[in-house]
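In: make a model of this:
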Amino acid sequence: MGRCSTTLRQHSVRSIGAVVAALACALGCATSSQNAVTTSGTNASAAAAGVPNLYDTQSQIEQYIASGRYDEDLAKQVAGARAWLEERSKTATKPAIVLDVDETSLSNWPAYRLNGWARLPNGPCDLQQGPCGLREWQAMGRSQAIAPTLGLARRARELSVAVFFITGRPPNLREATERNLKEQGYEWTAVILLPPGVTFASAVDFKAAERRKLTEQGYTIILSMGDQQSDLTGGFAEKTFKLPNPVYFLP
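Out: Prediction:
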């Protein structure tokens, strides 16, 4: 995560904890003296005052991205991945890299910005005024390449390293996803999407299993890169690289 997203997450956890504590006190003191009720009311007010303001949170996300700090944090992580690619590709047997798609290889920030940085998976996408449903946006195939990742993927191809995309996008978006990736300059060995009619409790259950299948085909996955920890957890990659994402979290 980037610095902004980490701060926001820690702030939210502290605030939620304070609210829960205040509510527990209020319930536990329901039959106590008036003084106890007054005290719990004061605690509840203080807790409510600590809850992050939606507008302020949106502004912090916007500032983190617009200021260039997000790009800097992302480029730093990809640079580490590229350095490892250069080193390990010389010695690995049948080397491969695995990349996530959204917010790793392609950016959906235009859709999220229209939604005030909220994640709205379904519904139409109004590119003029919003809101913009994420799946409809992805179906348009208008996401822009994340430049450092594109450079990494191209370098992998130059080094004869296989490039696999593993994404949680549904199978009906295959054509749009592959078209978008191709138009943005990516080449690949395979693009792996969610299988039809199957759901997973976590992205880990899907993505780790797909990486395992690649290793069973003889590939050495020298690195895996994604913007969610769930893109990376579960093994079957020598090194993992976590890109910042200040907007959303996926289990």
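In: residue 203 versus residue 212, what's the distance?
Out: For residue 212, the distance to residue 203 (C-beta to C-beta, to the nearest Å) stands at 14 Å. The C-beta positions use only the backbone N, C-alpha and C, and glycine is treated the same way.
In: repeat that for residue 172.
Out: Taking C-beta to C-beta as the measure, residue 172 falls 18 Å from residue 203.
In: neighbour count for the two, which is higher?
Out: Using other C-beta atoms under 10 Å, the more surrounded residue of residue 172 and residue 203 is residue 203, with 23 against 13.
In: so who does residue 168 touch?
Out: Residue 168 makes contacts with 102, 193, 194, 203, 206, 207, 250, as judged by C-beta atoms under 8 Å, 6 or more residues apart in numbering.
In: ditto for residue 72
Out: Counting by C-beta under 8 Å, 6+ apart, residue 72 has no contacts.
In: that one: which element?
Out: helix 69-88 (DSSP states H and E).
In: okay, buried residues for that helix please.
Out: Neighbour-count burial for helix 69-88, with 16 or more other C-beta atoms under 10 Å as criterion, is recorded at 69, 70, 73, 74, 75, 77, 78, 81, 82, 84, 85, 88.
In: what's the neighbour count on residue 152?
Out: Residues contacting residue 152 under the criterion other C-beta under 10 Å number 23.
In: I'd guessed it sits against residue 79; true?
Out: No - applying C-beta atoms under 8 Å as the test, residue 152 and residue 79 come out as separate, 9.1 Å apart.
In: which phi and psi values does residue 167 adopt?
Out: phi -130, psi 150 (degrees, to the nearest 10).
In: show me what contacts it?
Out: Residues in contact with residue 167, defined by C-beta under 8 Å, 6+ apart, are 100, 101, 102, 177, 191, 192, 193, 194.
In: dump these to a markdown table, plus pLDDT.
Out: Output for the contacts of residue 167, formatted as a markdown table (pLDDT from 0 to 100):
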| residue | pLDDT |
| --- | --- |
| 100 | 98 |
| 101 | 98 |
| 102 | 98 |
| 177 | 98 |
| 191 | 98 |
| 192 | 98 |
| 193 | 98 |
| 194 | 98 |
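In: tell me who's in contact with residue 79.
Out: Contact partners of residue 79, counting by C-beta under 8 Å, 6+ apart, are residue 148.
In: helix or strand right after the helix holding residue 72?
Out: Following helix 69-88 toward the C-terminus (DSSP H and E): strand 95-99.
In: give me the contact list for that next one.
Out: Identification of contacts with strand 95-99 by C-beta under 8 Å, 6+ apart yields 81, 85, 88-89, 105, 149, 152-153, 156, 159-166, 189, 211, 214, 219-226, 237.
In: restrict that strand to CA atoms and write it as PDB.
Out: Output of strand 95-99 as PDB, limited to C-alpha atoms (Å, rounded to 0.1, in the frame of the first residue of the first chain):
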ATOM      1  CA  PRO A  95      11.300 -18.600 -16.300                       C
ATOM      2  CA  ALA A  96       8.000 -16.800 -16.100                       C
ATOM      3  CA  ILE A  97       6.500 -13.800 -14.500                       C
ATOM      4  CA  VAL A  98       2.900 -13.400 -13.300                       C
ATOM      5  CA  LEU A  99       1.100 -10.100 -13.400                       C
END
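In: now the element after that strand, going C-ward?
Out: Going down the chain from strand 95-99, the next helix or strand is strand 106-107, by DSSP H and E.
In: C-terminal to that next one, what's the next element?
Out: With DSSP H and E, the next secondary element past strand 106-107 is helix 109-114.
In: confidence score at residue 50?
Out: Predicted confidence (pLDDT) for residue 50: 75.
In: and it, how far is that from residue 223?
Out: Using C-beta to C-beta, residue 50 is found at 40 Å from residue 223.
In: the two: which is more packed in?
Out: The residue with more neighbours, out of residue 50 and residue 223, is residue 223; 25 against 15, by other C-beta under 10 Å.
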